[in-house]
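Undergrad: Just a sequence and a predicted model for now, questions to come.
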Amino acid sequence: MKEILKEISNITVLTNKNRETTEKIAMKLEEVVTLYEVSDVQDNSVLQDIIKQYIDYNNQINRHPSAIGQKFIDEYNRITKSK
């Protein structure tokens, strides 16, 4: 996971923030998210923050998440609405 997060950091530093960069970051965040189980979202605030960033990056470029990414988003939304 640290390697993926480092790649995200490098992508951000090395390129201007445009659609391609934003899409690369969203895809890397998706990789991080899929290292977990959906049930991990409830008790993992770091994972919740990553999912929020994933949602934000996808929204910026009007990108639809993968099916598995959507499961994490659904769980994140369920948890945040119940708080």
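TA: Looks like it arrived, so ask away. Residues are numbered from 1 along each chain as shown.
Undergrad: from what I can see residue 71 touches residue 38, true?
TA: Yes: assessed by CB atoms under 8 Å, residue 71 is found in contact with residue 38 at 5.3 Å. For the C-beta atoms, the positions are set from N, CA and C on the backbone; glycine is no exception.
Undergrad: If we ignore the residues flanking it in sequence, what's nearest the residue most central in space within the chain?
TA: Central residue of the chain (CA atoms, centre = their mean): residue 54, 2.7 Å from the mean position. Nearest residue to residue 54, sequence neighbours excluded (CB to CB, 6 or more residues apart in numbering): residue 29, at 4.2 Å.
Undergrad: now do residue 28
TA: residue 8 (4.6 Å).
Undergrad: Next up, identify which helix or strand the one you found is on.
TA: Residue 8 belongs to helix 2-14 when assigned by DSSP states H and E.
Undergrad: From residue 68, how far off is residue 32?
TA: Separation of residue 32 from residue 68 (CB to CB, to the nearest Å): 12 Å.
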